[in-house]
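[1] Need a 3D model of the sequence below.
(one chain, ligands or ions: 2)
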Amino acid sequence: MQNKLPKTILITGATSGFGRATAELFNAKGWQTIITGRRGDRLEDLARELGEFCLPLSFDISDRKAVKTAIENLPPNFNQVSVLCNNAGLALGLEGADEANIDDWDQMIDTNIKGLIYATRNILPSMVNNGEGHIINIGSVAGSYPYPGGNVYGGTKAFVSQFSLNLRADLVGKGINVTSVEPGLAETEFSLVRFKGDREKASQVYKDTRFIKPQDIAETIYWIATRPKNININKIEIMAGDQAFNPFKIVKRS
Ligand code: NDP
Ligand code: 8X3
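    Numbering: from 1, shown residues only. Ligands and ions are numbered 1, 2, ... in the order given. Below you'll find the model as predicted:
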């Protein structure tokens with residue numbers, strides 16, 4: 001019976017950016033999509049666009065009970081999830097660690113770390129039971145390379161990278177693949193959120209440079225999800241063509 005249904009991907013944070021582009025691409029490729037996020041109106045609009053093979057579910061990923069309830073109550077046609085794309089996340093602020101808002105730090109940890117582990121823990125038993133599944137986590141170059149003001153955001157993304165590898169260690173032999181996707185500069189609502197609605201500041205981030213587009217990441221996720229089962233892509237790092245590394249900062253004392 002299940003074989004007659006298209007494969008299903010659950011994408012957290014599908015109301016904009018990477019998540020939305022990923023939902024659109026998988027839908028176009030004939031997959032069922034479960035799209036989530038807090039902004040229910042946006043989810044409804046996207047669900048209308050994607051049609052009958054899309055299920056919108058509005059909840060806050062950092063709410064442990066809400067995540068459990070949503071996944072436990074997936075309707076029969078949508079409850080065999082082949083791919084979980086843990087994408088919901090955010091950066092808040094760019095202040096140094098001595099000035100940053102500690103509520104922002106809590107929210108990044110609650111969303112980028114706790115939300116991701118809640119979704120993963122709740123979906124895994126069904127994947128293990130089916131002997132098939134793929135967890136695709138959205139990390140960041142910020143998890144590997146430090147930059148001023150990246151403090152807790154970078155720390156949460158380092159967690160995503162290491163948690164992904166540790167998931168591999170637990171799940172090898174059970175038919176479950178795990179991948180950490182680690183993008184650099186991409187134009188989404190990311191900077192608008194980081195700068196708390198300041199459109200001018202957000203637009204400066206992407207001005208006069210060639211950034212990653214959400215569709216680039218969606219295509220990468222689709223490629224990862226459709227590799228043959230004899231391989232696992234552990235992690236993939238993608239930077240913008242116009243982005244690279246700076247030298248170490250050296251403080252001169254004289
Ligand atoms: P967007 O701001 O465009 O999208 C973020 C998505 O996360 C939205 O759909 C938002 O939905 C959702 N989200 C945030 N908080 C919550 C929450 N508490 N509960 C449920 N959903 C939530 O940014 P991106 O598309 O860029 O970000 C997607 C992921 O990519 C993030 O994990 C981000 O850290 C990562 N990333 C982004 C990069 C970039 O340069 N853009 C580079 C590297 C990684 P809603 O607000 O409706 O809840
Ligand atoms: C988003 C990329 O470099 O702005 O994760 O932190 S960066």
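[2] Not counting sequence-adjacent ones, nearest residue to P148?
    G96 (6.6 Å; C-beta to C-beta, 6 or more residues apart in numbering). From N, CA and C alone the C-beta is placed, and that goes for glycine too.
[3] Check which helix or strand the one you found maps to.
    Using DSSP states H and E, G96 falls within no helix or strand.
[4] Break down the stretch 1-150 of the chain into its strands, ranges please.
    Secondary structure of the stretch 1-150 of the chain, counting by DSSP state E, counting those that start in this stretch: strands at 8-11, 32-37, 54-58, 83-86, 133-138.
[5] Now stretch 16-34: average pLDDT?
    Taken as a whole, stretch 16-34 has a mean pLDDT of 98.
[6] what's P183 sitting at in phi/psi?
    With angles defined as degrees, to the nearest 10, P183 sits at phi -80, psi 160.
[7] Look up the residues forming beta bridges with it.
    I238 (DSSP bridges).
[8] List the contacts of P56.
    Going by C-beta atoms under 8 Å, 6 or more residues apart in numbering, P56 touches I35, T36, G40, L43, E44, L46, A47.
[9] run the last query once more with 10 Å
    14-15, 23, 33-37, 40, 42-48, 50 (C-beta atoms under 10 Å, 6 or more residues apart in numbering).
[10] repeat for I224
    If you count contacts by C-beta under 10 Å, 6+ apart, I224 has them with V83, C85, H134, I136, N177, T179, V181, N232, I233, I236.
[11] Export the residues you listed to a markdown table and append columns for neighbour count, pLDDT and distance to ligand 1.
    Shown next, in a markdown table, are the contacts of I224 (neighbours: other C-beta atoms under 10 Å; pLDDT from 0 to 100; distance: C-beta to the nearest ligand atom, whole Å):
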| residue | neighbour count | pLDDT | distance to ligand 1 |
| --- | --- | --- | --- |
| V83 | 26 | 98 | 16 |
| C85 | 30 | 99 | 10 |
| H134 | 25 | 98 | 17 |
| I136 | 25 | 99 | 11 |
| N177 | 23 | 98 | 19 |
| T179 | 26 | 99 | 14 |
| V181 | 25 | 99 | 8 |
| N232 | 15 | 98 | 21 |
| I233 | 17 | 98 | 17 |
| I236 | 16 | 98 | 12 |
